[in-house]
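Asks: fold the stuff below for me.
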Amino acid sequence: QATSVLSFPVFDLFHASRVEFEPGHLSFAIDSEDTKERDDAISIGKLPHKLIEKRKAIGMETEPDDWLFIHIADSARFVPINTPIDHYARYRGTACYLPSTSFPLFPAAISKLMSLRGVRQEYLLSSDPSKWNSVIEGETNYCITVAAKLHPKTGELLDYEIFPSAIPAVVNVSYRDTEALLKRAESSQNFIGHALQ
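Replies: From the prediction side, this is the model:
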């Protein structure tokens with residue numbers, strides 16, 4: 001079944017409505033160090049132009065504020081509806097992680113295809129900052145994105161959008177490294193730490 005899915009042409013159900021983020025948009029996939037497949041990431045920034053225009057068309061004005069984005073890998077691009085692998089995934093419902101082993105929702109080959117592609121934060125920290133955008137732009141990840149506009153002081157949800165998206169390569173960061181980067185964010189050279197803040 002995995003082989004048949006891998007040879008199946010990718011059909012994007014959301015092609016017409018998919019919203020592309022700018023090439024330099026920086027997203028972080030924060031997970032444990034031994035995570036092999038990363039399926040979600042977060043970022044902060046302005047709403048993409050296509051979404052702003054869509055909101056304007058239906059009378060929704062959008063202030064140029066920062067929004068929180070939660071990007072979830074769009075597995076539907078790789079698992080055709082009503083195929084055996086689709087039915088199996090629905091039956092299984094979720095992946096199961098145990099101390100000594102794990103039972104993924106999909107076969108490994110498919111899980112790898114669905115994973116968000118990115119670069120390790122160490123690479124960006126050790127490379128010329130003028131070149132890291134080209135690394136991020138080298139990949140496209142297809143996601144379902146939840147955008148939330150939060151009150152800057154209370155965290156109250158003020159507005160939200162849910163839409164199919166395309167984001168550049170993500171920065172893979174472990175929980176431990178995230179803590180370290182946040183502590184070092186006072187350094188003007190630590191652009192990743194500032195972005196995480």
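Asks: shouldn't residue 68 be in contact with residue 151?
Replies: No: between residue 68 and residue 151 there is no contact under CB atoms under 8 Å: 11.5 Å. Every C-beta, even on glycine, is put in place using the N, C-alpha and C of the backbone.
Asks: between the two, which one's more packed in?
Replies: Taking neighbours as other CB atoms under 10 Å, residue 68 and residue 151 compare with residue 68 leading, 16 against 9.
Asks: who does whichever helix or strand that one is part of pair up with?
Replies: Using DSSP states H and E, residue 68 falls within strand 67-73. Here strand 67-73 is paired, per DSSP bridges, with strand 40-45 (antiparallel), strand 140-150 (antiparallel).
Asks: quick one: contacts of it?
Replies: By CB atoms under 8 Å, 6 or more residues apart in numbering, the surrounding residues in contact with strand 67-73 are 27, 38-47, 114-116, 141-150, 165, 167, 170.
Asks: of those, grab the buried ones for PyMOL.
Replies: The following PyMOL line selects those of the contacts of strand 67-73 that are buried, judged by 16 or more other CB atoms under 10 Å:
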select buried, resi 27+38+39+40+41+43+44+45+46+47+114+115+116+141+142+143+144+145+146+147+149+150+165+167+170
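Asks: how about the strands paired with strand 67-73 in a markdown table, adding distance to residue 19 and mean pLDDT?
Replies: Below are the strands paired with strand 67-73 laid out as a markdown table (distance: least, CB to CB, whole Å; pLDDT from 0 to 100):
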| stretch | distance to residue 19 | mean pLDDT |
| --- | --- | --- |
| strand 40-45 | 13 | 92 |
| strand 140-150 | 7 | 93 |
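Asks: among these, which comes closest to residue 56?
Replies: Set against residue 56 and scored by CB to CB, the strands paired with strand 67-73 come closest in strand 140-150, at 15.6 Å.
Asks: which elements pack onto the following helix or strand past that closest one?
Replies: Next along the chain after strand 140-150, taking DSSP H and E as the criterion, comes strand 157-168. Under the contact definition 3 or more CB pairs under 8 Å, 6 or more residues apart in numbering; DSSP states H and E, strand 157-168 sits against strand 19-20, helix 49-57, strand 140-150.
Asks: figure out which of these is closest to residue 92.
Replies: In terms of CB to CB, the element of the helices and strands packed on strand 157-168 nearest to residue 92 is strand 140-150, at 19.5 Å.
Asks: most distant residue from the centre of this protein?
Replies: Most distant residue from the mean C-alpha position of the chain: residue 59, 28.5 Å away (CA atoms, centre = their mean).
Asks: which phi and psi does that residue have?
Replies: The phi and psi values for residue 59, taken as degrees, to the nearest 10, are phi 80, psi 20.
Asks: got the contact list for the residue lying closest to residue 151 once chain neighbours are set aside?
Replies: The spatial neighbour of residue 151 that comes closest, neighbours along the chain excluded (CB to CB, 6 or more residues apart in numbering), is residue 158 at 5.8 Å. Residue 158 is in contact with 149-151, counting by CB under 8 Å, 6+ apart.
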